[in-house]
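> Whatever this is, show me its structure:
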Amino acid sequence: MLAAIICEYNPFHAGHAYMVGEVRRALGADVTIAAVMGGIFSQRGEPYIAPPTYRAAAAVAGGCDLVLELPYPYSAARAADFARAGVEIAAAIGADVLAFGSEVGDLTALEARRARLDSGELRARAAALSAADRTLGQTRATARAYEELYGGEDLAAPNDILAVEYLRALAHIDRSIEPLAIPRVGAYHGGMGGFPSASELRRGYAAHGIAAFAGEMPNGALAALCAADAAGLCPADVERLASAVLLRLAMLKDDAAAQARLAGDRAALERLLAAAPAAHTLSELFRAAASKRTTDASLRRAALYALLGTTEEEIAAPVAYTRLLAANTRGCAALGGARAGFVLTKPADAEKLADGGAQFRQTRLAERAFALCFAGSYDCMRTSPCIIKE
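This next block holds a predicted model:
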């Protein structure tokens, strides 16, 4: 049996190791666990803390058998597209189960929420609320309409947001994949009885360096992150892209046609364009562009899409490939069930893809931007999968 987990592992920590263990307990010791992991830029439009091969090695050290890449632009897309692309990869590798964390932890409740969120009644009420109050963005208007119609639920719980999108995506694929919800343990700020969040660990790293990870992740995962740190490849510093982003926004300012082609929140892009002339850093840019209608994540994604010229068509396209990032012996054996030619084990294999490698070449530009975020030297074309032989 092959179970897939769509994830970011930014970085892999004790809570992730707990979930992997719960999947194995639920499905049996013989299950192969494949992580479909965001590679270079995250859903927040930020670079992941370290290159994908290091983070993938940490995941295998923490209990996964196989780690495959969720490539850009899907890794940096809103929840619906992130989930849809991850499910496409899970189907292409022959997954039998899709496991995911959930604050609710109950599939029946999640399916009911999905049906309500998809109802015409909810959409109409959310649209009416947004039209009546221009400070309401779509997310807040939807949450308010949901509470009015169905009662209060925490629609902002991040795992459940993705869980609903996974269920939507599973309903639209040819392969039958069973969902498995794993209840999340502990509060997001960590503390007694819970696990630290990845964002908490990143903040700790910013304040105290790699020592902040000690005791918060399996020893093998810590060793992988220490190796990245020693190579100058942890943490990624998005401010290294500030000049490029600000220049690109200046170029877009009077190019309506180019703006129209970009993916992302149009209001967020407009606010970035207005704020850019007075900004010298990305922190200044996002602070000046902030508003009640635009989330910080939508601003960061809009800036990234502007820099890389990412279009809605690219995000909507089916996933053409995934890269092998790390595996143990069991994980390597599972690759035999993947769709022929779908899993790249070396960059040169991209030329054999059904689209002739076009999607891979588009992603290479994002890889170059990602490489600029580090003090050390990084080139995905020169990296090899981490294969761990027991």
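> So for E111, what pLDDT did the model give?
Looking at E111, its pLDDT reads 94.
> and the nearest residue to it once chain neighbours are set aside, what is it in contact with?
Ranked by C-beta to C-beta, 6 or more residues apart in numbering and with sequence neighbours excluded, the top spatial neighbour of E111 is L167, at 6.3 Å. In short, each C-beta sits where N, CA and C put it, glycine included. By C-beta atoms under 8 Å, 6 or more residues apart in numbering, the contact list for L167 reads 110-111, 114, 179.
> Go ahead and name everything in contact with the helix or strand of the chain with the lowest mean pLDDT.
Lowest mean confidence among the helices and strands of the chain (mean pLDDT, DSSP states H and E): helix 138-150, at a mean of 88. Helix 138-150 is contacted from outside by 116-117, 121-122, 125-127, 129-130, 133, 136, 153, 155-156, 295, using C-beta under 8 Å, 6+ apart.
> Looking at those residues, spot the one nearest A59.
A156 (26.5 Å; C-beta to C-beta).
> Mind checking what secondary structure the closest one has?
For A156, the assignment made with DSSP: H, G, I helix; E, B strand; the rest coil gives coil.
> For it, give me its contacts.
A143.
> in stretch 3-18, what's buried?
For stretch 3-18, a neighbour-count test (16 or more other C-beta atoms under 10 Å) marks 3-18 as buried.
> Which members of those occur in helices, if any?
14-18 (DSSP state H).
> could these go into JSON lines alongside distance to V31 and pLDDT?
Output for those, formatted as JSON lines (distance: C-beta to C-beta, whole Å; pLDDT from 0 to 100):
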{"residue": "A14", "distance to V31": "21", "pLDDT": "95"}
{"residue": "G15", "distance to V31": "20", "pLDDT": "94"}
{"residue": "H16", "distance to V31": "16", "pLDDT": "96"}
{"residue": "A17", "distance to V31": "15", "pLDDT": "97"}
{"residue": "Y18", "distance to V31": "16", "pLDDT": "96"}
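> Same list (those residues) but as TSV, adding distance to A207.
Formatted as TSV, these follow (distance: C-beta to C-beta, whole Å):
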residue	distance to A207
A14	19
G15	20
H16	22
A17	23
Y18	25
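> which among these gets closest to L70?
H16 (15.3 Å).
> right, and that closest one touches A61 too?
No - taking C-beta atoms under 8 Å as the definition, H16 is not a contact partner of A61, at 11.2 Å.
> so what sits against both of these two?
With the criterion set as C-beta under 8 Å, 6+ apart, the contacts of H16 and A61 do not overlap.
> Give the bridge partners for V343, please.
V343 forms beta bridges with T322, as assigned by DSSP bridges.
> What is the neighbour count of it?
20 (other C-beta atoms under 10 Å).
> these two touch, right, it and L68?
Yes - look at V343 against L68 with C-beta under 8 Å: they come within range, at 6.6 Å.
> quick one: the residue nearest to S102 when sequence neighbours are not counted and I33, what's the gap?
In space, and not counting its chain neighbours, S102 is closest to A181: 4.3 Å by C-beta to C-beta, 6+ apart. Computed with C-beta to C-beta, to the nearest Å, the distance linking A181 and I33 is 16 Å.
> Go through stretch 340-355 and flag the buried ones.
342-344, 347, 349-350, 353.
> can you check stretch 115-125 too?
Buried, per 16+ other C-beta under 10 Å, within stretch 115-125: 116-117, 122, 125.
> Which residues are in contact with the residue nearest to S102?
99-102, 104-107, 110, 163.
> now that we have the residues you listed, which one has the most neighbours?
A163 (29 neighbours).
> Report the separation between the residue nearest to S102 and A59.
Relative to A59, and taking C-beta to C-beta, A181 is found at 20 Å.
> would you list every one of the strands in this structure?
Along the chain, the stretches classed as strands by DSSP state E are 2-7, 32-38, 66-70, 97-102, 178-183, 322-328, 343-344, 386-388.
> Identify, out of the ones you listed, the most deeply packed stretch.
By mean neighbour count, with neighbours taken as mean count of other C-beta atoms under 10 Å, strand 66-70 ranks first of the strands of the chain at a mean of 29.
> That one - which strands sit beside it in the sheet, and in what orientation?
strand 32-38 (parallel), strand 322-328 (antiparallel).
> which stretches of the stretch 51-200 of the chain form helices?
52-61, 79-92, 107-117, 120-132, 138-150, 158-170, 198-208 (DSSP state H, counting those that start in this stretch).
> I should have written the stretch 201-350 of the chain there, sorry.
Under DSSP H, counting those that start in this stretch, the stretch 201-350 of the chain gives helices at 219-230, 242-252, 256-261, 266-275, 282-289, 296-308, 312-316, 329-334.
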